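Participant: Have a look; sequence and predicted model below, questions after that.
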Amino acid sequence: MSNLTEELLVEILDRVERGDAPADIVSGYPEEGAQIAATLAIVDSLSQLASRPYVSAKQASRQAFLAQAAGTQADLLLAKTPAVGWRRLFRTLSFATMALFLLLFGGAVVAREALPGDFLYGPKIALESARMSLTEDSSAILQLSGRYQAERIAEVETLLRLGRSAEVEFEGAVEEISADQIIVAGLTVLLDGETRLEGRPQLGELARVMGYTEDGQLFGRIIIALTGIVVPDDSEEIINPSQTTPRPTQVSVRPRVEAATPTSSPTPTPTSSPTPPPVPTVDDSSDGDDNSDGPDDLEDSEDPDDNDDPDDPDDNEDHDDTDDSEDPDDNDDPDDNEDHEDTEDD
Amino acid sequence: MQDELALLGRARAFDQEALGQIHDLYYDAIFRYVSFRVGNAQTVEDLTSEVFTRFLSSLNERNAPQNTIQGWLFGTASRVVKEYYRRASRAQLVPLSETIAAKGIDIDDKLQADLEKQLLHQAMAELTDDQQHVLAMRFGYGMAIRDVAKNMNKSEASIKMLQARAIASLGRKLSGMEVGQ
């Protein structure tokens, strides 16, 4: 096949793209017939190489994607919210300072029992955040996330029982909605004129509540509807079984697609199905190009510098570009590759 | 194009409906692209999800897509696959020539009959990233040359040449003219 000139290969591939039958293509070049047939065999294999996704895998990916989007949106809203109480403390002190503090005062154990409003609550949250950021495994992250969300709910329950005042924040399934209150994760959140609703909370879906406790009551400041995240009725128990608090919903921060088996697929989100993406085949493709470009044209066009598309993520990721340059095996230049192959031939 | 720009604008505001649409519109395309370059089905699912995760992360970053979602997603898919192979090559590097030798495969028969996916993936992995990218868009997703050219911001002639060289190189690798020497 290597005897076929690049120009002839381009011509053959043009004919493939135009939808010419393989037999017609081969018969058009009697001298190179066998080599062209081998080329067409490769093209045929290539056109059958890709596979289609399982519906369950697509649904799982969609759900994780939207959950992550909702989490990111909530974090952005939180960042815009004026810092209060422990949150201000948490933002002010770096994790290193926190760690030093805990080391010096041995407060880790004490902090674990801290409630919102306590002096050690900031360090407690910092420790949780640090543990999350140091965890690599997706399932472990989900476990931690579930445990911490359950902890937030238990804290609110304790505050309400003790009648203490504190700023609180938690997530859970919406169980009931009325004009003046919403029940999330079993906790009744009172709504007033100052309560801000972000999105439309739906029954059975996830919501994030930011508010405060006072005199045994819980008041909402901001309720964020994490739309599209359905709380599964029979989700796997991945939080500590000894937890007696209501089970929170795990919001995936790093979506990990489950195996594409019917039993492992999560509850699908009911959505309208948009127009499916086009999945053309080689035969469908045709650009009408007459292959009239001269050799000079080809030489010029292969200048790797000609790619400065603003939408090319490569252009904007300096770190990765540096990474590329550090990898001697990383060869993106087609010409260089040919040189490499020549060396192999030698 | 206008629709895509509008969709992108809504995505930047983390509109769940718009994000759901983007996922629905492009998941299959990106999955096919990735599956063309990576053989393991579970890995393909993971890498495809990773592409969408990066899209989300990028929305508030300077590398966010500006004009085209599709182009950005394919570019990111290419990068994700490349990183995957880089990690994999650090873990275990088995050149195609060794695989062919170990399996005692008759390359001539192979070309005449069926080209096993595993071999093809391995041979593909030895191409340059640009060559793999072009083949994956052309034959994995079935994109026309002019659209590939637009996506890669190159001329059609350049894409045709990349494609021709890639297939010639694949042919040499699979026919044993380069391996086992």
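Facilitator: Received it, and whenever you're ready, just let me know what you need.
Participant: switch to C-alpha atoms for all contacts and neighbour counts from now on
Facilitator: OK.
Participant: Helices of the chain, start to end?
Facilitator: Because you didn't say which chain, this covers chain A. Per DSSP state H, chain A carries helices over the ranges A:6-18, A:22-27, A:33-47, A:55-80, A:85-92, A:95-105, A:108-112, A:121-134, A:138-162, A:295-301, A:313-316, A:318-326, A:334-345.
Participant: not quite, I wanted chain B
Facilitator: B:2-12, B:16-37, B:41-58, B:69-91, B:96-103, B:107-112, B:117-125, B:129-135, B:145-152, B:156-175.
Participant: Of those, which is nearest chain A?
Facilitator: Of all those, helix B:16-37 sits nearest to chain A, with 4.2 Å by Cα to the nearest Cα.
Participant: about what we covered before: using TSV, please lay out the helices of chain B together with mean neighbour count, mean pLDDT and distance to A:S129.
Facilitator: Output for the helices of chain B, formatted as TSV (neighbours: other Cα atoms under 10 Å in any protein chain shown; pLDDT from 0 to 100; distance: least, Cα to Cα, whole Å):
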stretch	mean neighbour count	mean pLDDT	distance to A:S129
helix B:2-12	15	84	26
helix B:16-37	23	93	26
helix B:41-58	21	91	19
helix B:69-91	18	86	27
helix B:96-103	14	55	45
helix B:107-112	14	48	54
helix B:117-125	19	82	39
helix B:129-135	24	92	37
helix B:145-152	20	90	39
helix B:156-175	23	89	47
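Participant: possible to save those as JSON lines with distance to chain A?
Facilitator: Listed next are the helices of chain B as JSON lines, based on distance: least, Cα to the nearest Cα, whole Å:
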{"stretch": "helix B:2-12", "distance to chain A": "9"}
{"stretch": "helix B:16-37", "distance to chain A": "4"}
{"stretch": "helix B:41-58", "distance to chain A": "6"}
{"stretch": "helix B:69-91", "distance to chain A": "5"}
{"stretch": "helix B:96-103", "distance to chain A": "12"}
{"stretch": "helix B:107-112", "distance to chain A": "6"}
{"stretch": "helix B:117-125", "distance to chain A": "7"}
{"stretch": "helix B:129-135", "distance to chain A": "5"}
{"stretch": "helix B:145-152", "distance to chain A": "6"}
{"stretch": "helix B:156-175", "distance to chain A": "5"}
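Participant: could those helices go into JSON lines alongside distance to A:E32?
Facilitator: Output for the helices of chain B, formatted as JSON lines (distance: least, Cα to Cα, whole Å):
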{"stretch": "helix B:2-12", "distance to A:E32": "45"}
{"stretch": "helix B:16-37", "distance to A:E32": "29"}
{"stretch": "helix B:41-58", "distance to A:E32": "37"}
{"stretch": "helix B:69-91", "distance to A:E32": "34"}
{"stretch": "helix B:96-103", "distance to A:E32": "26"}
{"stretch": "helix B:107-112", "distance to A:E32": "16"}
{"stretch": "helix B:117-125", "distance to A:E32": "23"}
{"stretch": "helix B:129-135", "distance to A:E32": "23"}
{"stretch": "helix B:145-152", "distance to A:E32": "25"}
{"stretch": "helix B:156-175", "distance to A:E32": "14"}
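Participant: what's the closest of the ones you listed to A:T195?
Facilitator: Proximity to A:T195, assessed across the helices of chain B by Cα to Cα, is greatest for helix B:16-37 (22.2 Å).
Participant: now the stretch 1-150 of chain A, which segments are flagged as low pLDDT?
Facilitator: A:1-3, A:76-112, A:119, A:123, A:130, A:133-139 (pLDDT under 70).
Participant: Tell me which residue of it lies closest to chain B.
Facilitator: For the stretch 1-150 of chain A, Cα to the nearest Cα, closest residue to chain B: A:A50, 4.2 Å.
Participant: That residue against B:I30, yeah?
Facilitator: No. Using Cα atoms under 8 Å as the test, A:A50 is too far from B:I30 to be in contact (10.4 Å).
Participant: which residues are in contact with both of these two?
Facilitator: Common neighbours of A:A50 and B:I30, using Cα atoms under 8 Å, 6 or more residues apart in numbering or on different chains, are B:Y141.
Participant: Any chance you could list what contacts stretch A:190-210?
Facilitator: By Cα under 8 Å, 6+ apart, stretch A:190-210 touches A:74, A:167-177, A:179-182, A:184, A:217-231, A:249.
Participant: So what would you say the end-to-end distance of that stretch is?
Facilitator: 12 Å (Cα to Cα, to the nearest Å).
Participant: got it, and stretch A:190-201?
Facilitator: 14 Å.
Participant: tell me the mean pLDDT for that stretch?
Facilitator: For stretch A:190-201, the mean per-residue pLDDT is 85.
Participant: Pull out the buried residues from that stretch.
Facilitator: A:L190, A:L191, A:T195, A:P201 (16 or more other Cα atoms under 10 Å in any protein chain shown).
Participant: which among the residues you listed gets closest to B:L174?
Facilitator: For the buried residues of stretch A:190-201, the nearest to B:L174 is A:P201 (57.2 Å; Cα to Cα).
Participant: Any figure for the gap between that closest one and A:V156?
Facilitator: 20 Å.
Participant: same question, A:S178
Facilitator: As judged by Cα to Cα, A:S178 and A:V156 stand 21 Å apart.
Participant: out of those two, which sits in the busier spot?
Facilitator: A:V156 (25 against 9; other Cα atoms under 10 Å in any protein chain shown).
Participant: What is the neighbour count of the residue nearest to that one when sequence neighbours are not counted?
Facilitator: Of all residues not flanking A:V156 in the chain, A:V168 sits nearest, at 6.9 Å (Cα to Cα, 6 or more residues apart in numbering or on different chains). Residues near A:V168, counting by other Cα under 10 Å, number 25.
Participant: isn't A:V168 right next to A:Y212, touching?
Facilitator: Yes. In this structure, A:V168 is within contact of A:Y212 by Cα under 8 Å, at 5.3 Å.
Participant: Need the residues touching each of those two.
Facilitator: Between them, A:V168 and A:Y212 share no contacting residue, judged by Cα under 8 Å, 6+ apart.
Participant: which residues touch A:Y148?
Facilitator: A:E128.
Participant: Could you check how far B:R12 is from A:Q63?
Facilitator: 18 Å.
Participant: do B:F55 as well
Facilitator: Counting by Cα to Cα, the gap from B:F55 to A:Q63 is 15 Å.
Participant: Repeat that for A:E31.
Facilitator: Counting by Cα to Cα, the gap from A:E31 to A:Q63 is 56 Å.
Participant: now A:F219
Facilitator: 30 Å.
Participant: what residues are up against the closest residue to A:L162 other than its chain neighbours?
Facilitator: Spatial nearest neighbour of A:L162, chain neighbours left out: A:G216 (7.1 Å); criterion: Cα to Cα, 6+ apart. Taking Cα under 8 Å, 6+ apart, we find A:G216 in contact with A:L159, A:L160, A:R161, A:L162, A:G163, A:R164.
Participant: Same check on A:V10?
Facilitator: Going by Cα under 8 Å, 6+ apart, A:V10 touches A:N291, B:K160, B:M161, B:Q163, B:A164.
Participant: Chain B - how does it break down into domains?
Facilitator: Taking automatic domain parsing as the domain assignment, the ranges for chain B are B:1-90, B:99-181.
Participant: so how far is the first one from its chain's centroid?
Facilitator: Meaning domain B:1-90. 12 Å (Cα atoms, centre = their mean, to the nearest Å).
Participant: cool, and stretch B:165-174?
Facilitator: 17 Å.
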